[in-house]
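> Structure for the following, please:
(2 chains)
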Amino acid sequence: MATLRANAEAVVDAVLARAMRSAQEAEVLYVASESAPLHWEANAIKGADASDAAGVAVRLIKDGRVGFSSTSNLDDLDGLVAAALETAPFGAEARFHFPGPQALPEVPVHDPATAGVSLDEMASLGQGIVDAVRARFPEAQVEGGVSRSSSRMVLRNSAGGGVSYQRSRFGVGFGGTVIRGEDMLFTHESDSSVHPKVDTERITASICRQLEWARQTAPIATKVMPVLLLESAVASVLLGPLLAGLNGKAVYQGTSPLAGRLGERVADPRFSLTDDATIPWRSSARPADDEGVASRRLPLIEAGAIAGFYYDLQTAGLAGAQSTGSGERGLSSLPGPSTSVLVVGDGDTPLEAMIAGMDEGLIVESLLGAGQSNILGGDFNANVLLGYKVEGGQVVGRVKNAMISGNAYEALSALRAVGSDGRWQGGGLYTPSIALERVSVSAQGKA
Amino acid sequence: MDEAIRERIQSALKGVEAQYIEVHVEEAASSHLRYRGRELEEVGRSSGLGGNVRALAGGGWGFVNFNDLTELPAKVRQAVSQARLVGGERIDLAEVAPVVDHVPPVLGQDPASVALADKKRLFDEYVNLMMGVNGVQNASLGYSDGRRRMLYANTEGSYIEQERVDVNLRMGAQARQGADVQQFAVSLGSLGDYGLVQGLHETARETAEKAVALLAAPKVAGGEYTVVLDPVLAGVFIHEAFGHLSEADHIYAEPRLQELMKPGRRFGGEHLNVKDGATVPRPTLRGSYLYDDEGVAGQETDLIRDGVLVGRLHSRETAAKLGERPTGNARALNYRFAPIVRMTNTFIVPGQASPDELIAGVKDGLYVKSWYGGMTSMEMFTFSAGEAYRIRDGRIAELCRPVMLSGNVFSTLHNIDAIASDLEMNEGGGCGKAGQSPLPVSNGSPHIRIQNCLIGGA
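Presented below is the predicted three-dimensional model:
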């Protein structure tokens, strides 16, 4: 396989030629990746992994229908093409043609230095975080991981189009657990970068801040109140439902509450959301999508109004729209519409001011079960895994056995404030904290 | 796979210094179909070949996975050197006798024996039935089947070949009225029997009707309720509420958790009995197998007996650390992952009551059925119902919007005040842990009733 890997383009071309003996159009995707994660358990390094993977997928159009197959067995490329041809008579009617050569933006996502970081360096970086958290919270048990990976993708189609690039990623994620009596507290923070450097001090500080805010437990009653969503909660409460609704496929099928409402205001004017795969050095950025369509900046919500939906080739063909360069796929399935690098626009309220401005409210750090309800309809409904009660503008302690519920669209229309504290959450999301005016909080027992 | 591979593994392991090494090699083939509306949106086939080496040496674990089997000797050396790099205190593995065995797949109607055209014809009927229901905006159907041949060898002399066939089906329908979108779905799975996905025409129609009916259903206010759970949702409940906390890898390195989860501690009433096992209640469920991914025989493990914690689920490492016997629960999603402690078939043992008695005892509450999902953080957990009905004066009343339920392991199991006799196992979906998802498991229960259960509101 080492030889094949060095000749990825040759493998792709060979499969493409084989497919074109029987098909009218074809596309071949080759993906190879190497990764090395280290993991920690109970404050100490526990294991070192290494992964070395490669696979090929072929999508072809025969008699107007789409056939597909994939394999990680690079010795069976004949079988690969035969399987795709076998599925084609049953496949969807192709509503697109593979794109020809096009000008692709320069989007750097590979730093060769990342692959050069030694396991020893990764081990001492991780242990540094463990020790720093334990120095402040000796009662915490810390676990987590440090990983580096690099991947290569080669995509070519029978129209002469395609894309080929390498990507590197360095990821760090740790959490501190504290158990007091029957009370279990889990904290977590992570970061990732194309480059072999992440802000470990910020990770440590965030874990310690969570442990600090949760030192005391505070009572909470079943009630409607303001809720401040910290960054990761913004993603699960607001962006999950919103992205399901902006998906060109749900719009085309009429199952999105946003279908037919392009240009309509669906959120507070202070809220904006853009998908931009062209931002350099973000680890989920890319010069072209997984169908070879050039990446671009795609505004989704501008000043609270729907600015666009996102499409892959087939969905765009069905909907009479253009692909927005949003085709994404794993090796073993066809592409579908997906976003890449999301940016929620910053507001003007500092985090401290949002907290100070709450007479009685809830800060949500992380949720349990978010997304396991009717998110297509906009619903959010989850247990507050880590959240803090605010009284008189002060954090008074951790809230337990409580849930929040509501509708993302209603919540987005009644924003209390958008934070000025935006930052990158790893490689694919930039968001500030967002405060909602009225959210239903349900709590166990009497407060 | 054949003798040549066995010899290749044995020669790769020969002369390598380590406390323990295991090798997995896997060959897999699968096919999938996906519908949107009446259209077959995607049909595809996948095949794979790969393996991994896991080594224990010098107090650390090294794990490497790969696709190119010719690199096996180098990968064995790499796994051992990575283990040594980790280092640490000595890790012991619970003793098990080496096993040499060949296990053929559990098969009903083999999905591989059914032509793609016949599968398509059947699923066309289901989606057409769903789309034909008045008020349905869209239907979706996803089907997959796959066969995996897994070979396991270790330096203690075990050599096991196992094969399994999985079948999965998910059907859903969406209904819309203006900006209000409601949906309902069912998820089914089977170990090796395509027959399970046949004859579901009535289920397809009902799925669509339920999505439409939800548009007119009222919302439930958040708060505490008396709830009666159907066997499907009660199975998800016990998986999330207690099953995950029974996985010893969560507790073996954390003395305070061991204190909280001490055998002998009471978690529920005398009537509460919970089991997990790859061989129970039937050896042909999605969570069933003869050997786990450490070559340990699957078995039956009592987790809660008469309301008291009596056991937990182990890998060889966690069993040795806690001084208990291994339970055959070390499982890996596929060769890309190292085995970790997982559930198999997890269920609440049936009691005496009838489901009607459970409902008759509720003045004002909710009857919650089927599921969207479930999550746990050990102490707190959530599980979401696909259907909710109000119970008034001991009778099932109006349909409500689906709800999410939440609980706390130290109180919610005590609040189970009635357990019916009608055990059913649910084989749909799968379980996720540490990035390994969806792992085939099943879970089940009879109808149960829980007092003071927290509902998030619809």
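> Tell me the residues of the stretch 151-300 of chain B that contact chain A?
With C-beta under 8 Å from any C-beta of the partner chain as the criterion, the stretch 151-300 of chain B meets chain A at residues B:174, B:176, B:178-183, B:222-224, B:253-254, B:256-257, B:260. (Glycine included, C-beta is placed from N, CA and C.)
> Show me the helices in chain A, by range?
For chain A, the helices defined by DSSP state H cover A:2-6, A:8-20, A:77-87, A:112-115, A:119-136, A:200-213, A:231-234, A:240-246, A:248-253, A:313-319, A:351-356, A:408-413.
> How about chain B?
Taking DSSP H to define them, one finds helices in chain B at B:3-13, B:72-86, B:116-131, B:201-214, B:231-238, B:255-260, B:316-322, B:355-360.
> circling back to that earlier point, widest-spaced pair of the residues of the stretch 151-300 of chain B next to chain A?
B:Gly178 and B:Ala253 (52.7 Å; C-beta to C-beta).
> neighbour-wise, which of those two wins?
Each of B:Gly178 and B:Ala253 has its neighbours counted (other C-beta atoms under 10 Å in any protein chain shown); B:Ala253 has more, 18 against 7.
> need the contact list for the more buried one.
A:41-42, A:141, B:321 (C-beta atoms under 8 Å, 6 or more residues apart in numbering or on different chains).
> One more pass at 7 Å, please.
Neighbour list for B:Ala253: A:41-42 [criterion: C-beta atoms under 7 Å, 6 or more residues apart in numbering or on different chains].
> The one 4 residues further on now?
Contacts for B:Leu257 (C-beta under 7 Å, 6+ apart) come out as A:179, B:250-251.
> go again using 8 Å as the cut-off
Each residue near B:Leu257 by C-beta under 8 Å, 6+ apart is listed here: A:179, A:184, B:250-251.
> Now render those as CSV, adding distance to B:Arg265 and neighbour count.
Shown next, in CSV, are the contacts of B:Leu257 (distance: C-beta to C-beta, whole Å; neighbours: other C-beta atoms under 10 Å in any protein chain shown):
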residue, distance to B:Arg265, neighbour count
A:Ile179, 15, 20
A:Met184, 15, 22
B:His250, 15, 19
B:Ile251, 12, 22
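> quick one: which of these sit in strands?
In strands, defined here by DSSP state E, the members of the contacts of B:Leu257 are A:179, A:184.
> Pull the number of nearby residues for residue 91.
You didn't pick a chain, so chain A it is. 25.
> Please refer instead to chain B.
Other residues close to B:Ile91 by other C-beta under 10 Å number 19.
> Now do it, the pLDDT please.
Here, the pLDDT recorded for B:Ile91 equals 96.
> Just confirm it contacts B:Arg316, I think it does.
No - with contact defined as C-beta atoms under 8 Å, B:Ile91 does not count as touching B:Arg316 (9.8 Å).
> How about the contacts made by the nearest residue to A:Leu77 once chain neighbours are set aside?
Closest residue to A:Leu77 apart from its sequence neighbours, by C-beta to C-beta, 6 or more residues apart in numbering or on different chains: A:Val15 at 5.5 Å. Contacts of A:Val15 were listed using C-beta under 8 Å, 6+ apart, and they are A:28, A:56, A:58, A:77, A:80-81.
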